[in-house]
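*Asks:* Fold the following.
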Amino acid sequence: MKKSLIALAVLAASGAAMAQSSVTLFGVVDAGVSRLSSGGKSVTGLSNSGNAGSRLGFRGIEDLGGGLKAGFWLEGAISNDSGTGAGAGAAGPGFEFKRRATVSLLGNFGELRLGRDFIAAYNGLVLLGVDPFGDLGVGAFGSLFYNTRSANGFENRKSNTVNYFLPANLGGFYGQAQFIFGERASSTVTTANGQSGQNGNGYSFNLGYKNGPLAVGGAYTKLKHGHVITHGTSALATDTDNINLAASYDFGFIKPVIAVNQEKNDAFSETKYRNYLLGLTAPVGPGTIKFSYIDTNDKSALKQGDAQKYALGYQYDLSKRTALYATYAHVKNKGTQATPLNANGISGVTFGPGSSGNGYDFGLRHSF
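*Replies:* Numbering: from 1, shown residues only. Okay, here's the model as predicted:
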């Protein structure tokens, strides 16, 4: 009896603490059947995160009084097709908080946020809903619009960031400023032009307006020696730049979005891509039709080739938290361009230089 009373007291105290700090467990489980085909080869299998990134996380907030709050957010990706953690890198398939791991101080001044999070320029694209497919599945814009080249492209998240967000009471205006610590010795890499120092450091910001049916914004990122590229027998750490502009207007029956993105990398020969996106979403029945078209233009000194991609899909909402989805995508590469289509958990098809390919997703997503 005494042990039972002690256990009840512990549970009561724990519940009070949880309520006081508003700690929430949340997640998404998304799985589907995907097919990729190119160059006469194809593969079909069980994929994940075709509509929303499968994840597990904890977030909480504490009211400090006087309009001041403290909060935390820990979120990790999961590969529910295999039951392992995702994005753990060479250390193995363990679960890690690689999607987001931040601590924040919030008030009338806005928000100060520290830790691993979206790059501000990418976060601006997310806030504007630029990609109708949410940068997920075979329809994702990341393979062409944002992460143009895997060797030179920008990640959508960075570790070691310090962020400031404008307060939410500015009549629809929003903004974020971010500094990224490379945390590497300045003498570790020297580029061909003799530059060194601040290896891996960078900054990013976004600024925009989102109120009613109208949304418009822009963003910029600069990474100092952010990527190492091998040229012959020399390893170069290169400066990289990214700038994007986007706008959308919700007419009710249809919502168009247009965006332009430019990425530049200062290797031996400057690598530069300018990318254009047209997206459409339209409510139909209990769900949403989605369409996107992306045109990538190679503006580099050593032109490798352009690429185009289009995607069409439908999301059927069973409830606010559960949906069925289907997506078809096609990519066409020119010259030596070799941009692939991607489906999480599916591999084995190579998209070679100048190749074309197709992809399909059919899946189920549930959030909690």
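*Asks:* residue boundaries of the strands in the stretch 251-368 of the chain?
*Replies:* Ranges of strands in the stretch 251-368 of the chain, per DSSP state E, counting those that start in this stretch, are 255-265, 271-284, 287-298, 307-317, 322-333, 356-367.
*Asks:* Among these, single out whichever gets nearest to residue 38.
*Replies:* strand 356-367 (3.2 Å; C-beta to C-beta). (Glycine included, C-beta is placed from N, CA and C.)
*Asks:* ok, the closest one: who's next to it in the sheet?
*Replies:* strand 24-38 (antiparallel), strand 322-333 (antiparallel) (DSSP bridges).
*Asks:* related to what we said a few turns ago, pipe the strands of the stretch 251-368 of the chain into CSV and attach distance to residue 33, mean neighbour count and mean pLDDT per row.
*Replies:* What follows is the strands of the stretch 251-368 of the chain, written out as CSV (distance: least, C-beta to C-beta, whole Å; neighbours: other C-beta atoms under 10 Å; pLDDT from 0 to 100):
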stretch, distance to residue 33, mean neighbour count, mean pLDDT
strand 255-265, 28, 20, 92
strand 271-284, 23, 19, 93
strand 287-298, 19, 20, 95
strand 307-317, 14, 20, 97
strand 322-333, 10, 20, 97
strand 356-367, 5, 20, 97
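*Asks:* Redo these as a markdown table? Include distance to residue 61.
*Replies:* Shown next, in a markdown table, are these (distance: least, C-beta to C-beta, whole Å):
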| stretch | distance to residue 61 |
| --- | --- |
| strand 255-265 | 31 |
| strand 271-284 | 31 |
| strand 287-298 | 31 |
| strand 307-317 | 28 |
| strand 322-333 | 27 |
| strand 356-367 | 20 |
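*Asks:* So for residue 76, which of those strands sits nearest?
*Replies:* Of all the strands of the stretch 251-368 of the chain, strand 356-367 sits nearest to residue 76, with 15.3 Å by C-beta to C-beta.
*Asks:* Around residue 339, how many other residues sit close by?
*Replies:* Here the number of neighbours of residue 339 (other C-beta atoms under 10 Å) works out to 24.
*Asks:* Can you pull the phi/psi pair for it?
*Replies:* Backbone torsions for residue 339, taken as degrees, to the nearest 10, come to phi -70, psi 130.
*Asks:* tell me the contacts of it?
*Replies:* 143, 144, 148, 296, 307, 309, 331, 333, 351 (C-beta atoms under 8 Å, 6 or more residues apart in numbering).
*Asks:* Find the nearest non-adjacent residue to it, please.
*Replies:* residue 307 (4.8 Å; C-beta to C-beta, 6 or more residues apart in numbering).
*Asks:* thinking again about what came up before, redo the strands paired with strand 356-367 as CSV? Include distance to residue 75.
*Replies:* Formatted as CSV, the strands paired with strand 356-367 follow (distance: least, C-beta to C-beta, whole Å):
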stretch, distance to residue 75
strand 24-38, 8
strand 322-333, 20
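*Asks:* one step back: which among the contacts of residue 339 gets closest to residue 42?
*Replies:* Nearest member of these to residue 42, counting by C-beta to C-beta, is residue 351, at 12.0 Å.
*Asks:* residue contacts, the nearest residue to that closest one once chain neighbours are set aside?
*Replies:* Sequence neighbours aside, residue 340 is the residue nearest to residue 351 in space, at 3.9 Å (criterion: C-beta to C-beta, 6+ apart). When contacts are counted by C-beta under 8 Å, 6+ apart, residue 340 touches 38, 143, 331, 349, 350, 351, 357.
*Asks:* And residue 340, what's its pLDDT?
*Replies:* Residue 340 carries a pLDDT value of 89.
*Asks:* residue contacts, the residue nearest to the spatial centre of the chain?
*Replies:* The chain has residue 156 as the residue nearest its centroid, 4.5 Å off, counting by C-alpha atoms, centre = their mean. Going by C-beta under 8 Å, 6+ apart, residue 156 touches 118, 119, 122, 135, 142, 146, 147.
*Asks:* Ok, residue 217 next?
*Replies:* Counting by C-beta under 8 Å, 6+ apart, residue 217 touches 124, 127, 128, 174, 206, 207, 208, 209, 210, 245, 246, 247.
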